[in-house]
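Novice: A structural model of the following input is requested.
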Amino acid sequence: MNVRGAPLIAIVAALGLAIDAFKSLSSDDANGLGSASGAADFLLKCMEHLRTSRPTAVNLFNAMDALGDVVQAAAEASDATAQSVLEAYLEAAEKMPAKDVADNRAIGRHGAEEILRRCGGKDKVTVLHICNTGTLATAGYGTALGIVRALKEMGRLEKMYIMETRPYLQGARLTAYEALEDELNGTLIPDSAAAFLVARKGVDACVCGADRVANNGDTANKIGTLQLAITASHFGIPLVVAAPTTTLDLAMESGDSIPIELRAAYELRSIKRPPCVSKEAPEWIPIAPEAIDAWNPAFDVTPNRLIAAIATEKGVATADPRTGKFDLQSFVAAASVGENGVASSASSTVLQQARDEGFLKYRRLDEVSVCTYLANLKRAADILGSSNPANLAAQEVGDGNLNLVFIVHGPDGAVVLKQALPYVRCVGESWPLSLHRASFEAQALAEESRLCPEHVPKVYHFDSELAVIVMRYIEPPHIILRKGLCAGNQYPGLANHLGTFLAKTLFGTSTLSLSASEVRKQLQFWSKNNQMCALTEQVIFHEPYVEAENNRHTTPQLDATVAELRKNTALKVAVAGLKHHFMHSNEALIHADLHTGSVMVKPGSTLCIDPEFAFYGPMGFDVGAIVGNLLLNLFASRGRSLGPTHEEYVLDTIVKLWQVFQDTFTSLWRAREEGDGYRASMFGFDGEREQAEAAFFRSVLLDAIGFAGAKMIRRIVGIAHVEDLDGIEDADVRASCEKKAIAMGVKLVTEPAEFLSEGTSLAKVASFAKEHI
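Specialist: Residues are numbered from 1 along each chain as shown. This is a model prediction of the structure:
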């Protein structure tokens with residue numbers, strides 16, 4: 001064991017391989033390194049071998065994965081050589097030590113702040129540490145020992161106790177040395193004295209490192225950590241795990257699957273000869289009978305329920321207090337959106353629903369507190385032009401069903417701050433709603449922006465503790481598309497922009513673009529947005545067809561129409577089929593709430609917002625949602641006296657939107673054939689590719705037509721209506737428009753195939769709508 005410590009193992013392995021590779025290159029083209037492919041093969045084979053050295057610590061595996069991607073990308077360059085591949089590898093490997101030190105300092109700061117928070121108002125704290133997690137186990141500063149160092153730098157460290165950490169004595173040999181060097185006021189104790197120490201002398205917190213952390217928070221670390229965790233739990237003191245995100249194994253659901261390295265029996269039956277003993281003595285000095293059987297696991301696994309918090313370089317993850325489980329995948333996804341670090345994936349409250357969810361620091365912002373918040377957020381303050389709250393002005397403008405939305409102006413600019421509420425805003429606290437939806441929205445915006453940056457606003461910061469997203473202020477004359485259409489405005493580029501957004505985001509997240517394994521990995525994350533999916537299923541596919549407290553409609557004018565809806569067996573069967581498809585089809589990451597109220601426009605510019613319902617679902621749902629909302633505006637046009645020119649514009653937009661979507665999607669599909677969904681190698685004969693494409697788009701179009709109809713019906717007789725129709729003051733006129741729209745919706749849901757032409761187009765939908773306005 002010449003090298004130990006999960007972060008250091010990864011770094012030494014990477015740099016050691018770099019030295020070996022360059023030596024091989026200079027030795028008369030040894031190992032076949034004369035070409036780019038030869039160099040890549042050599043490096044990748046060596047990396048596979050290195051993976052076998054330490055099975056428990058995941059940092060090594062993550063480093064090899066990242067470096068493998070670098071090697072493959074370098075080898076695929078048009079001018080690649082063996083030298084360029086090796087240099088690309090070396091450049092990436094040499095960045096690892098500096099990043100490790102920076103990450104460790106961040107871990108130390110986050111962990112120290114978490115301990116101080118949990119210790120209330122204590123001026124100084126005493127910490128118990130296991131194993132060695134400092135400079136001798138990392139590139140510098142350390143992880144759990146970094147927390148102790150950070151406490152000392154803050155002037156908040158009273159004392160540090162060091163467990164000796166049998167059988168290899170990393171605590172006694174290494175941590176004790178570092179404690180003396182850095183004057184950490186350390187005291188060494190036997191492992192078996194930990195519980196008695198806490199009982200007699202008192203300890204405020206326990207800290208440990210990690211070799212691998214499963215997604216649910218189960219943590220593999222040096223043997224003895226589980227006993228320490230049980231002790232901490234018994235005495236009611238927090239155990240804080242220090243782990244860079246490279247130590248998180250998000251694909252592993254629980255610690256049951258973590259492989260545990262078993263060390264040689266002689267390491268337990270003997271002790272290594274100390275430097276002070278004559279070299280003539282044996283290297284290993286027996287302390288137990290040689291014949292005794294020995295079981296010597298190097299690590300144990302601490303279950304998540306015994307862990308108070310996991311400090312990473314991105315912030316502090318805490319468990320859901322109801323289950324004791326962490327959701328580290330959601331934590332990392334949310335943290336990757338913000339640029340200023342993110343705290344816990346479960347943390348906030350002022351309302352009881354938030355407290356029940358584990359959001360212990362949550363508070364509802366207002367027009368005063370939002371200015372203070374942004375003034376202390378460097379990225380936002382830079383855009384606004386001031387870090388003084390007095391120089392900022394906020395206005396709450398949210399008119400949707402769920403969230404608070406603030407526009408905040410400063411001397412130099414403006415930003416939008418969106419905060420999730422722990423209930424449905426348009427209903428009130430009687431309908432609780434998960435604050436975790438904000439993390440899904442932040443991640444969806446990041447993914448959509450990656451695929452289609454021209455039609456998605458930039459996110460500046462995400463705060464998981466307050467369920468806050470800070471993003472670009474979409475400046476005037478941008479307005480909500482629904483308001484523009486209700487005013488009779490026309491946006492010539494709208495169909496092109498929406499069709500492009502739909503094509504890029506749906507193709508880019510589907511198995512037509514990605515491997516099946518990549519999509520399955522995404523499904524693990526997005527399937528957790530289940531509360532928002534359940535909300536959709538309730539308000540679109542169920543409540544409009546039954547008596548429900550949330551429903552409302554124009555009465556008495558629509559009473560008979562609504563009664564007929566609820567007796568229409570064919571309609572209800574078709575809607576149930578759509579619901580089943582919505583629940584079970586995982587075609588792509590869909591926006592899942594793409595209506596004319598979630599699009600902002602001005603001439604030449606279109607931006608799609610509010611994807612908090614995002615999950616992997618049927619592509620046709622997004623297409624149908626926007627088409628259904630455009631049809632609602634069309635059927636409201638007579639009641640609003642918008643005129644035939646406006647009607648023709650909306651109809652033309654519907655037809656063009658689909659055509660742009662299909663054309664753009666097809667171009668992307670033909671340009672990228674790596675996806676597993678439709679393997680290009682299957683369709684080698686003339687016309688086969690075209691037949692496959694036609695069948696695919698026919699399926700999406702049928703879905704879109706049905707979902708459009710369901711969207712139309714629910715916006716008239718369900719919980720959330722649209723301004724297009726609700727804004728018609730004369731109830732009789734409004735009801736007349738609504739009856740026609742409902743009839744169209746029923747037709748779309750029950751007979752979608754009737755609207756298919758010889759090709760794939762929405763022309764028949766537009767034609768039918770025009771005849772029945």
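Novice: what's the helix or strand for Ile310?
Specialist: Using DSSP states H and E, Ile310 falls within strand 309-312.
Novice: can you name the next helix or strand after that strand?
Specialist: Heading C-terminal from strand 309-312 (DSSP H and E), you reach strand 315-317.
Novice: okay, now the sheet partners of that next one, with direction.
Specialist: Using DSSP bridges, the strands paired with strand 315-317 are strand 309-312 (antiparallel).
Novice: name the residues that touch the strand it pairs with?
Specialist: 107, 110-111, 114, 118, 147, 210, 213, 217, 219, 238, 240-245, 248, 316-318, 326, 328, 335, 344 (Cβ atoms under 8 Å, 6 or more residues apart in numbering). Where you see a C-beta, it was placed from the backbone N, CA and C, and this is true even at glycine.
Novice: before we move on, what about stretch 131-139?
Specialist: Under Cβ under 8 Å, 6+ apart, the answer for stretch 131-139 is 4-8, 11, 96-98, 100-101, 104, 141-146, 149, 163, 165, 170-171, 173-175, 177-178, 207-209, 221-222, 224-225, 242.
Novice: filter these down to the buried ones.
Specialist: 4-8, 11, 96-97, 100-101, 104, 141-146, 149, 163, 165, 170-171, 174-175, 178, 207-209, 221-222, 224-225, 242 (16 or more other Cβ atoms under 10 Å).
Novice: mind listing which of those are in helices?
Specialist: The helices, defined by DSSP state H, take in 6-8, 11, 96-97, 100-101, 104, 144-146, 149, 170, 178, 225 from the buried ones among the contacts of stretch 131-139.
Novice: what's the closest of those residues to Ser527?
Specialist: Nearest to Ser527 out of those is Ala6 (Cβ to Cβ; 29.6 Å).
Novice: just the CA atoms of the helix or strand containing Met160, as PDB, please.
Specialist: Met160 is part of strand 157-163, with elements assigned from DSSP H and E. The C-alpha trace of strand 157-163 is given here as PDB (Å, rounded to 0.1, in the frame of the first residue of the first chain):
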ATOM      1  CA  LEU A 157     -11.700  24.600  16.400                       C
ATOM      2  CA  GLU A 158     -11.400  23.600  20.100                       C
ATOM      3  CA  LYS A 159      -9.800  20.200  19.800                       C
ATOM      4  CA  MET A 160      -9.400  17.200  17.400                       C
ATOM      5  CA  TYR A 161      -9.400  13.600  18.500                       C
ATOM      6  CA  ILE A 162      -7.800  11.100  16.200                       C
ATOM      7  CA  MET A 163      -8.700   7.400  16.000                       C
END
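Novice: tell me what that strand is packed against?
Specialist: strand 125-129, helix 144-153, helix 176-181, strand 186-189 (3 or more Cβ pairs under 8 Å, 6 or more residues apart in numbering; DSSP states H and E).
Novice: mind saving the C-alpha coords of stretch 74-86 as CSV?
Specialist: Extracted in CSV, the C-alpha atoms of stretch 74-86 (Å, rounded to 0.1, in the frame of the first residue of the first chain):
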residue,chain,number,x,y,z
ALA,A,74,-8.1,13.3,-29.2
ALA,A,75,-7.7,10.1,-31.3
GLU,A,76,-10.7,11.0,-33.5
ALA,A,77,-9.3,14.4,-34.4
SER,A,78,-8.5,14.7,-38.2
ASP,A,79,-4.8,15.5,-37.5
ALA,A,80,-4.3,13.2,-34.6
THR,A,81,-0.9,11.6,-33.9
ALA,A,82,0.4,9.5,-31.1
GLN,A,83,2.1,12.6,-29.7
SER,A,84,-1.1,14.7,-29.8
VAL,A,85,-3.1,11.9,-28.1
LEU,A,86,-0.5,11.5,-25.3
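Novice: list the buried residues of that stretch.
Specialist: For stretch 74-86, using 16+ other Cβ under 10 Å, the buried residues are 74-75, 80, 82, 85-86.
Novice: what residues of stretch 461-470 count as buried?
Specialist: So for stretch 461-470, counting by 16+ other Cβ under 10 Å, buried means 461-470.
Novice: Ala570: neighbouring residues, count only.
Specialist: The local packing of Ala570 (other Cβ atoms under 10 Å) involves 11 other residues.
Novice: skip the chain neighbours and tell me the closest residue to Cys737.
Specialist: Of all residues beyond its chain neighbours, the one nearest Cys737 is Gly639 (4.4 Å), with distances taken as Cβ to Cβ, 6 or more residues apart in numbering.
Novice: check contacts around the one you found.
Specialist: Neighbours of Gly639 in contact, by Cβ under 8 Å, 6+ apart: 725, 728, 730, 733-734, 736-737.
Novice: ok, it to Asp724 distance?
Specialist: 9 Å (Cβ to Cβ, to the nearest Å).
Novice: all helices for the stretch 651-773 of the chain, in order.
Specialist: All helices of the stretch 651-773 of the chain, identified by DSSP state H, counting those that start in this stretch, fall at 688-717, 723-726, 731-750, 763-772.
Novice: wait, which of those is closest to Thr561?
Specialist: Once these are compared by Cβ to Cβ, helix 731-750 is nearest, at 5.6 Å.
Novice: so how far is the first residue of stretch 279-298 from its last?
Specialist: With Cα to Cα, to the nearest Å applied, stretch 279-298 spans 27 Å between its terminal residues.
Novice: what sits up against it?
Specialist: Under Cβ under 8 Å, 6+ apart, the answer for stretch 279-298 is 56, 167, 222-223, 260-273, 277.
Novice: spatially central residue for this structure, please.
Specialist: Ala333 (2.7 Å; Cα atoms, centre = their mean).
Novice: for the residue nearest to it when sequence neighbours are not counted, give me the pLDDT.
Specialist: Leaving aside its chain neighbours, Ala333 sits nearest to Gln443 (4.7 Å; criterion: Cβ to Cβ, 6+ apart). Looking at Gln443, its pLDDT is 93.
Novice: in which helix or strand does Gln443 reside?
Specialist: Here Gln443 is assigned to helix 437-451, by DSSP H and E.
Novice: show residues contacting that helix.
Specialist: Contacts of helix 437-451 (Cβ under 8 Å, 6+ apart): 330, 333-334, 336-338, 345, 418-420, 456-459, 462, 464, 467-469, 471, 501, 504-505, 508-509, 525-526, 528-529, 531-532, 589, 591, 608, 610-615.
Novice: buried residues in it, which are they?
Specialist: For helix 437-451, by 16+ other Cβ under 10 Å, it's 437-449, 451.
Novice: same check, this time on stretch 175-186
Specialist: For stretch 175-186, using 16+ other Cβ under 10 Å, the buried residues are 175-176, 178-179, 182, 184, 186.
Novice: now the element after the helix holding Gln443, going C-ward?
Specialist: strand 459-463.
Novice: for that following strand, name the packing helices and strands.
Specialist: helix 328-337, helix 378-384, helix 437-451, strand 468-472.
Novice: dump these to JSON lines, plus distance to Gly597.
Specialist: Formatted as JSON lines, the helices and strands packed on strand 459-463 follow (distance: least, Cβ to Cβ, whole Å):
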{"stretch": "helix 328-337", "distance to Gly597": "23"}
{"stretch": "helix 378-384", "distance to Gly597": "25"}
{"stretch": "helix 437-451", "distance to Gly597": "15"}
{"stretch": "strand 468-472", "distance to Gly597": "17"}
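Novice: Leu565: which of the ones you listed is closest?
Specialist: The nearest among the helices and strands packed on strand 459-463, by Cβ to Cβ, is helix 437-451 at 29.8 Å.
Novice: need the helices for the stretch 451-600 of the chain, in chain order.
Specialist: Under DSSP H, counting those that start in this stretch, the stretch 451-600 of the chain gives helices at 481-486, 494-508, 516-526, 530-541, 559-567, 569-584.
Novice: of all those, which one is nearest Thr653?
Specialist: That would be helix 494-508 among those, by Cβ to Cβ, at 4.6 Å.
Novice: could the C-alpha coordinates of the closest one be exported in CSV?
Specialist: Extracted in CSV, the C-alpha atoms of helix 494-508 (Å, rounded to 0.1, in the frame of the first residue of the first chain):
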residue,chain,number,x,y,z
LEU,A,494,-42.9,31.8,-34.5
ALA,A,495,-43.6,28.6,-36.4
ASN,A,496,-39.9,28.2,-37.4
HIS,A,497,-38.7,28.9,-33.8
LEU,A,498,-41.1,26.6,-32.0
GLY,A,499,-40.6,23.8,-34.6
THR,A,500,-36.8,24.2,-34.2
PHE,A,501,-37.0,24.1,-30.4
LEU,A,502,-39.2,21.0,-30.4
ALA,A,503,-37.0,19.2,-32.9
LYS,A,504,-33.7,19.9,-31.2
THR,A,505,-34.8,19.2,-27.7
LEU,A,506,-36.8,16.1,-28.5
PHE,A,507,-34.3,14.6,-30.9
GLY,A,508,-31.3,15.4,-28.7
